[in-house]
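*Asks:* can you look at this prediction? I've put the sequence above it.
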Amino acid sequence: MRSAIVALVAMMTLVPGLAAANPPGVVRESGRTAGYAVRDSVLTVGRTIGAFFAHGPRTAKYTWKANAALTKANAHAGGSRVRYEAHDER
């Protein structure tokens, strides 16, 4: 009996936190982040191949690392936007 009461109290404290989420905003920002990740990945591969044929393997490696860092930064920014939408209290 006590465990049922504890579970009920725990659920009552968690429900207001779940009600503050913005599901359409989370889905929109998640899709946007995924789309940007795909776009950035394709651009990274294209730029790296171009650098390889134009300037050689060392430049291609530098190009790959620079573009991968940009892709990572954009993904982290997108993740921040998703978390904001998930915890938005409008």
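*Replies:* Right, received. Where do you want to start?
*Asks:* what about the protein, any weak spots by pLDDT?
*Replies:* 1-20, 89-90 (pLDDT under 70).
*Asks:* the residue nearest the centre of the chain is in what secondary structure piece?
*Replies:* Note on the chain: the residue nearest the mean C-alpha position is Gly79, at 3.3 Å, using CA atoms, centre = their mean. Using DSSP states H and E, Gly79 falls within helix 57-86.
*Asks:* flag every buried residue along that helix.
*Replies:* Of the residues in helix 57-86, those with enough neighbours to count as buried (16 or more other CB atoms under 10 Å) are Ala60, Thr63, Trp64, Asn67, Thr71, Ala75, Gly78, Arg81, Val82, Glu85, Ala86. All C-beta spots, glycine's among them, are computed from the backbone N, C-alpha and C.
*Asks:* for the second one, which non-adjacent residue is spatially closest?
*Replies:* In space, not counting the residues next to it along the chain, Thr63 is nearest to Ala51; the distance is 4.1 Å by CB to CB, 6 or more residues apart in numbering.
*Asks:* what's the burial count for the one you found?
*Replies:* Ala51 is flanked by 20 other residues according to other CB atoms under 10 Å.
*Asks:* helices or strands up against the helix or strand hosting it?
*Replies:* Using DSSP H and E, Ala51 sits within helix 23-55. Packing contacts for helix 23-55, counted by 3 or more CB pairs under 8 Å, 6 or more residues apart in numbering; DSSP states H and E, involve helix 57-86.
*Asks:* how far off centre is the helix it packs on?
*Replies:* Distance, stretch centre to chain centre, for helix 57-86: 10 Å (CA atoms, centre = their mean, to the nearest Å).
*Asks:* list the helices and strands it packs on?
*Replies:* In terms of contacts (3+ CB pairs under 8 Å, 6+ apart), helix 57-86 is packed against helix 23-55.
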